[in-house]
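**Student:** Fold the following, please.
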Amino acid sequence: MKISNEQAEYLLKLPKKIVENDQLLDHLVIDQEFPLSKRFELVSEKDDEFTFLWEIQQSKKNSIRVSFHYQENDSKTGLLRVDYNSGHKNPEKISELLPERFHPYAGKDFSNNEHHIHYHVQGYKSLAWAIPLMEDEFEIKELNDDAEFNNTFGGIIKLFATTVHIETVITINTLLL
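**Tutor:** Numbers count the residues shown, from 1 in each chain. Sure, this is the predicted structure:
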């Protein structure tokens, strides 16, 4: 299944809940352990044609290298991913389907671990396009190895869940990292 830019936006905004053991969860506690590696299945009561996957991956070697990934699960099409302290290179070619906001970032190299956010763009491989977090609406722009790491990391988890319209209320249980 090919997903258009408009469909990707619809799937992003669709309200959904985390599913565990065939039960829709109203509340979920995430233990913030190191390295954090979690996968959650998501469904929407509004449109049951789609299922989704939300994945949080923290590097075992670098605690501040973290990725938050959201995809339509049946087609395995990535819809949104936020990467902190990770590399990426955008495609060079600008197609007629590429939204204007991505044009300045054609060929951009994020190899200096610049924090960035990936979006689905029709006609390109899954999540091929990213823009710097500093240029995006996603509110938490930095993740550093400092005294605020636990609070910031927990805040990013909640912000990402809100961004992809997860209605399950999430509580972060901060453990000693």
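
**Student:** neighbours around Thr168, how many?
**Tutor:** Other residues lying near Thr168 total 17 when counted by other CB atoms under 10 Å. No exception for glycine: its C-beta is placed from N, CA and C like everyone else's.

**Student:** Give me the pLDDT for it.
**Tutor:** Reported pLDDT at Thr168 in the predicted model: 98.

**Student:** In this structure, which residue sits furthest out from the middle?
**Tutor:** Outermost residue of the chain with respect to the C-alpha centroid, by CA atoms, centre = their mean, is Glu96; its distance is 25.0 Å.

**Student:** element containing the nearest residue to Glu139 once chain neighbours are set aside?
**Tutor:** Nearest residue to Glu139, sequence neighbours excluded (CB to CB, 6 or more residues apart in numbering): Leu159, at 6.0 Å. Per DSSP states H and E: Leu159 is located in helix 149-163.

**Student:** Mind listing residues that contact that helix?
**Tutor:** The list of residues contacting helix 149-163 from outside it, by CB atoms under 8 Å, 6 or more residues apart in numbering, reads 12, 30, 32, 36, 54, 56, 63-64, 66, 68, 70, 80, 82, 84, 138-140, 142-144, 168, 170, 172, 174, 177.

**Student:** Now do it, average pLDDT.
**Tutor:** Per-residue confidence for helix 149-163 averages out to 94 on the pLDDT scale.

**Student:** any idea which helix or strand comes after that helix?
**Tutor:** In the C-terminal direction, the helix or strand that comes right after helix 149-163 (DSSP H and E) is strand 169-174.

**Student:** And that following strand, what does it pack against?
**Tutor:** The elements that strand 169-174 packs onto, with contact taken as 3 or more CB pairs under 8 Å, 6 or more residues apart in numbering; DSSP states H and E, are strand 27-32, helix 149-163.

**Student:** Can you say which of these is nearest to Ala106?
**Tutor:** Distances from Ala106 to each of the helices and strands packed on strand 169-174 were compared using CB to CB; the minimum, 24.4 Å, belongs to helix 149-163.

**Student:** Partner strands of the helix or strand bottoming out on mean pLDDT in the chain, with direction?
**Tutor:** Of all the helices and strands that make up the chain, the one with the lowest confidence by mean pLDDT, DSSP states H and E is strand 169-174; it has a mean of 91. Sheet pairing for strand 169-174, assigned by DSSP bridges, gives strand 27-32 (parallel).
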